[in-house]
Each structure stands twice: as structure tokens, then as C-alpha cells.
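*Asks:* Coordinates for the following, if possible.
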Amino acid sequence: MALDFQRYIGLFVSEAGDHLTALGRDLVALEQAVRAGGAEAQLRPLIDSIFRHAHSVKGMSASMELPAIAALAHKAEDLVDVFRGDAGRVEPACIDLLLTTGDALADMVQASGRNERPPADADLMKRLVDMARRLKAGLPLVQGPPTEPPPGPGRGAAPPAAAPPAEPAAEAPPAPPPAAAPAEPEPAAGPVQRLRLEVEIAPACPVPAVRAFLVVKKLSALGANLASAPAVEELKAGRLPDGRITVWMETAEPVERLKRALGQISDLGRVEIEVEAALAEPVAHAAAAHGAGSAAEPSRTVRVRTEILDGFVDAVGELLLATARIREVGRALPDQYRPPLDEGVDRLHAIVKDLHDKVMAVRMTPLATVTERLPRAARDVARKLGRQVEVEIQGSEIELDRAILEELADPLTHVLRNAVDHGIEAPHLRLLAGKPAAGRITVTARRDRDRVVVELSDDGQGMDTARLREAAVTRGTLSADQAAALTDREALLLACLPGLSTAEKVTDVSGRGVGLDAVKRTVEAVGGVLEIESAPGVGTRIVLRLPLTVAVQPVLLVGVGTEVLGLPISKVHGAAHVVYSTLDRSRGEPILPYDGELVPVYDLATLLGFTATGRDERAVVVAEVSDGRIGLAVDALLGQQEAVLKPLGTPLGAVSGLSAVTVMGNGRPVFILDVQRLLAA
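*Replies:* From the prediction side, this is the model:
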């Protein structure tokens, strides 16, 4: 691959991946709309959107000189184009084939990011061509090989080597890209002309300068570029102030071919081509045009690698810690030097805090980056199980810290798969129960003060608390008396116990008892809480209460002997000062009356293996764990503090009960406790 393209391969992988994700999402929506009997006016926008995504991937890959990706995307585009002419021809087999093609394209795009150039699947391309041909001819779609002979050599279990490439051969050459329309004869080259081309980049394009550079690169293959405004060096530096580029060139190619070549580049707006008799000071002319448009410079966005952003966040966190350290050192200075130092530190802290807030705003990412995959995941599981599912997503514009979203992707997908497998009934059972044949899963997100609440609910058969109790007793987790004493809310949380499953058989979807326990563990690891609500015959609702960010969290500092430890405020319900020896006891363990219930109390020093101080006057922190509330007896409450949390490395990461570490203003490290893991150790 040419060196110029290496600079943009990462951007290509990112943007093409976005288009392919959107293509899959729209295909699933189209299938649901067809199943619901949607009118052509409802189907048309989805079909057009699918076509645009396939066309964009084709154009981008052709511009990046990736002919195999362009060829496969072109065949998918041809099939979708049939639907544009007749929306009534959309069938489940077409959706299946296009989704398979989208997956293949995604794999090829990812491979291109690793400097690989995998060939297009010849069999897949043949199936796309055959299906488009049958639809155009009004023939029925069949499973397996078609009954009538194909246009090329015959098909069999082992077709001749020349047969698969028969259709895509027109697109094998990497350049020039106009081979995307082989059915039309190319216009003959004419006399050399001097042309002025003005191309506007679409306002929604995230990287307009890159698009403009691809315009110049594309035109250079079709003629001699004389000048451009802005210049190529400006484009490589990411500067395209007025969102358009002007190119002067000499070429013998007809105007129609130039327009078609530019049409393969995505995110282009208006394209104007003017034939000039002579080129009169093009650079000066371009500068005038640049100056005229620079007064109203549009806002632009820049893609940043996540490693750089993470490093930026860490650096700002270190600044916050350094500021706290300076403040701590200043307290030892004589009084006459303190006021100016305190004033400077306050100013520095305000600036660093503002910088931190801006950096965290950059890290905030819409929930849509995770939820847009869910309809496709539900559709695939439902097809495998012979069920019908519709997924509705609300509040996907809500933003969370990117670090939380990365952890949330797998748990949400697993909860969704559980809803399809365990919750949604087979169509005939739903009809017998008076429900629509297609089950409905709703994913809703909303802000709740400094937290985000994500709910996934279904209208399926609900969870059977009696079976959950029975499974817990059979597995030996609880005694029969303990299981019977659980409330329904507590019994539902038994589904989160490791290894517990009520599935009658093990499948490749579920049934192994591995799932909700991992979901709960992941949610709690980022400072969240998982809740389950269910009613038999009505459905189930899984609620995830998540913090907005994990980089900076408020913690409660407590003293245990000579050690200082931190507890996440999100897990703390309250605290009380007690005389430890006077606490009532149940089965030999102290209990604390709190908020209308009796809370078991554990000595934090004993849990951590510290030497007990023997103090009788203690503070008890009431914290939330998976099966209710517990009390932690500590020696002192040291106050609340905003902590910059750092992940634990080896070997501390393997220590049960520790989740992160922060540094106080005096330079002392403070470990943040994971109460749930501490009790389980």
C-alpha cells in the first residue's frame, strides 16, 4: 500500500466500521418493518440508508486502493439497489445474506488495519450476484444451488477455479476505481482540457481535510493536477477552513468520468466542474477564494486515538494530585508566606479542575456506541431459537465515560441474549398467552443526578423465583430454610450466583450458569449496582445504575489502626458511632439497628488481617452488598474526598478486597476497598 494511504488507514477502519455497524442496524430494522407489514413509504428510508452505507464503504475502500473490499461492497450495493426499485422484494433470505456480507466486510476492514489485503469471498459474491439476478427476473429465491444454469461455468461441489471470479473480475484492478460500474461503456478520451473543479465536503464529515486529500489523490490518477486551494500540504496538516477544495487540472478524460470517480468518495457534497480555456493565475485566484470563505470557519471535529486520550486523563489526574501535595506542603510554611501561596494554589487548582472537567467531557461517549449492536445480537439469537424479537432503544444519546462503556458492552449483550433465550417465549406460546407473536425488548437509558440508569426489560414469561430457590438449594448454596426465608427480590438476585442456572438444557446461547454473575461483578467493578425485577407471565426488568465516570470518584476515608482506607461513596448508606461491646448479637455476631432493619456488623481490621486496636468506641459504616446491607466497624471516620483512582497493577490486582488506589495530598497512597470481594474472600 502506498505510503500516503498508510496515514489514513486507521481513519478508514474507524469510519468503515461505523458504516458497517449502521448497515447491520438498518438491516435488522428493515426486517422488523417488513414483518410488521410496513408500507413502502416506511421501508424506503431504511433501504436508502442501507444503500448509502454500502456505497460509502465501496467508495472509501476504492479510494484507499482496497479493491477486494470495494468489489464485495459493490455486489451488496447491487442487491440493495433491487429493493430501491421494488421494496416488496425484501425477503428474510436477502437480509440473511446481506448481514453475512456485512460481517465479511467488517472482517476485511479490520484485516486492512493490520496491513493485510484478504481477497473477497468468491462464493459470497456469487450468491449476491445470483440473488440480485433472481430478484430482477422475478424468480423465486431457493435454498442451495439455483435450478437454472448460471451465466458462467456450471456449479458443483467443487467448481472450476475460473467460475467464482466470473462476476467480480471487472473490479479486480485496484485502479482506476470507475470499474465499479462495468455495465456502462467508458466514454472515449477526448482532447486535453484545462478544468476547474470545486468540491464541497459534507458538513457532517468528521475529517473534511482527509476527504479533500482523497479528492486530489483521485484526480491525480485521471490527469495532471496543476494547483489546488488549499494546497496539499495544508490538507495533510488537517486544514480545510471553508469546507471546500478547488483543483485546477489538465486531462483528456471526459467530465462524466471525473464525476463518477469523485462519486466513489463518501461525504462529498456539491461537485462543480468548469472547462477553462486557459489557467489564469490559479494560485492567486485560489487565495482570494480562500480568504473570502475563511471569515466563517465551520466547527470541526478530530478523531483521537484512545491511548492518547487515556494518557491525557492520567496526566491531568497527576496534576490534581500534585496540586494537593503543594497545598499540603504549604501548611508547614510560616504564616507570613501562607496567604500568597494559598492564593496561587487555589488559582492553580481551579485551572487544573477546569482542565480536568474538559478532559472528562472529551471522554464522555454516547451510549449508542454500545446499544446500536443490540438489535442485531437479538435478531441472531432469535433466528437461532426460532423466535421473533423486536428491540426498541430509548435514550441512546445519554453519555458515559468511555471506560465504563467499554466494560458495559459485554454485560448488556449477555443480558439481552438471556432475555431472548430465557424470557421471550416461542411465537405459538405467546399467541396462546394472548401476546403478539413477536416479543419486545426495550433498552432505556436516563440520567438520575450523577448516575445513569440503564434498564433492559422484556415482555416474556418472567423469572420463576421458586425454581431459583430450588436451584440454590440443590447446588448447596443455601439451606431449604434460608431459601424459604428470602423475599422475592432477594430470590431474583440468586440468578447472579456463580454457576447457578435454571435452564433445562445447555446450549451455545446459555444454560451453563455463567453470565449474570459476571454481569453483576462487572457492573459493581465500575461502581454500579444491578437490580432485578420480574413478574411471572409479564416479563423481567434488569436495572443497571452506573456512575458517569470512574476516573474521579468521591470516597469516604476511614481509619483502621494506623492505616487509612477508602470506601466508594456510592456504596455507603450511612454511618453511626457505637460502643462496640454493647451491640446486640445474633448467632454470636454483632448487629446494628439501622433504618428499620438489623444489619450484621463486621470488624474491618479482622477482615483485612490487621491487629485489632481493642478500642470499644467505634464507628460503623453501613455499606451496600449484593444481598443487602452490612456494617463495617472502623476506628475513625476521616471525611469525604474526591479521589483520582488508579488501577492496581501486579501483584496487588490479585488481592481480594482491593479495587483501586489513590494518593492523598501528603503523598500517602490509600487503597480503595471492594466490600463485596472482601466479604467473599
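*Asks:* Okay, domains of this structure per the record?
*Replies:* Listed by automatic domain parsing, the domain ranges of the chain are 3-148+164-175, 193-289, 310-365, 374-547, 552-680.
*Asks:* so can I have JSON lines of those showing mean neighbour count, distance to V304 and mean pLDDT?
*Replies:* Backbone N, C-alpha and C define where each C-beta goes, glycine included. Formatted as JSON lines, those follow (neighbours: other C-beta atoms under 10 Å; distance: least, C-beta to C-beta, whole Å; pLDDT from 0 to 100):
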{"stretch": "domain 3-148+164-175", "mean neighbour count": "18", "distance to V304": "11", "mean pLDDT": "80"}
{"stretch": "domain 193-289", "mean neighbour count": "17", "distance to V304": "11", "mean pLDDT": "76"}
{"stretch": "domain 310-365", "mean neighbour count": "14", "distance to V304": "8", "mean pLDDT": "83"}
{"stretch": "domain 374-547", "mean neighbour count": "18", "distance to V304": "11", "mean pLDDT": "84"}
{"stretch": "domain 552-680", "mean neighbour count": "16", "distance to V304": "20", "mean pLDDT": "83"}
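*Asks:* Okay, strands next: where are they in the stretch 351-500 of the chain?
*Replies:* Applying DSSP state E, counting those that start in this stretch to the stretch 351-500 of the chain gives strands spanning 364-366, 389-394, 399-401, 439-448, 451-458.
*Asks:* quick one: M131 is in a helix?
*Replies:* Yes. Under DSSP: H, G, I helix; E, B strand; the rest coil, M131 falls within a helix.
*Asks:* For L97, list the residues it contacts.
*Replies:* Contact analysis of L97 by C-beta atoms under 8 Å, 6 or more residues apart in numbering lists L79, R127, L128, M131.
*Asks:* Look up how far E91 lies from it.
*Replies:* As judged by C-beta to C-beta, to the nearest Å, L97 and E91 stand 10 Å apart.
*Asks:* go on, V452?
*Replies:* Distance of V452 to E91, given as C-beta to C-beta: 39 Å.
*Asks:* and the one helix or strand H74 maps to, how far from the chain's centre?
*Replies:* For H74, the enclosing helix or strand under DSSP states H and E is helix 67-85. The chain centroid and the centroid of helix 67-85 are separated by 26 Å under C-alpha atoms, centre = their mean, to the nearest Å.
*Asks:* so what does it touch, helix or strand wise?
*Replies:* Where contact means 3 or more C-beta pairs under 8 Å, 6 or more residues apart in numbering; DSSP states H and E, helix 67-85 is packed against helix 40-63, helix 92-113, helix 122-137.
*Asks:* tell me how far the last one is from the chain's mean position?
*Replies:* The reference is to helix 122-137. Distance of helix 122-137 from the chain centroid (C-alpha atoms, centre = their mean) equals 32 Å.
*Asks:* Tell me the first helix or strand C-terminal of that helix.
*Replies:* Next along from helix 122-137, by DSSP H and E: strand 193-201.
*Asks:* Only alpha carbons, please: show that following strand as PDB.
*Replies:* C-alpha atoms of strand 193-201 as PDB (Å, rounded to 0.1, in the frame of the first residue of the first chain):
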ATOM      1  CA  GLN A 193      -8.700  20.300 -21.400                       C
ATOM      2  CA  ARG A 194      -8.000  22.600 -18.500                       C
ATOM      3  CA  LEU A 195     -10.600  22.100 -15.900                       C
ATOM      4  CA  ARG A 196     -11.500  23.900 -12.700                       C
ATOM      5  CA  LEU A 197     -13.200  21.600 -10.100                       C
ATOM      6  CA  GLU A 198     -14.800  22.800  -6.900                       C
ATOM      7  CA  VAL A 199     -15.900  20.200  -4.400                       C
ATOM      8  CA  GLU A 200     -17.700  20.900  -1.200                       C
ATOM      9  CA  ILE A 201     -17.200  18.400   1.700                       C
END
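*Asks:* List the neighbouring strands of it plus their orientation.
*Replies:* Here strand 193-201 is paired, per DSSP bridges, with strand 244-251 (antiparallel), strand 268-276 (antiparallel).
*Asks:* What does the pLDDT read for T549?
*Replies:* On the pLDDT scale, T549 is placed at 72.
*Asks:* Please disregard the earlier target; I meant P150.
*Replies:* Turning to P150, the model gives it a pLDDT of 37.
*Asks:* Begin at 233 from now on, thanks
*Replies:* With the count now opening at 233, the last piece we talked about shows up as P382.
*Asks:* quick one: the helices in the stretch 533-682 of the chain?
*Replies:* Ranges of helices in the stretch 533-682 of the chain, per DSSP state H, counting those that start in this stretch, are 538-562, 570-595, 600-603, 606-617, 634-650, 659-664.
*Asks:* got it, and the stretch 783-913 of the chain?
*Replies:* Assigned by DSSP H, counting those that start in this stretch, the helices in the stretch 783-913 of the chain fall at 836-840, 907-912.
*Asks:* Now do A484 against E430, distance only.
*Replies:* 21 Å.
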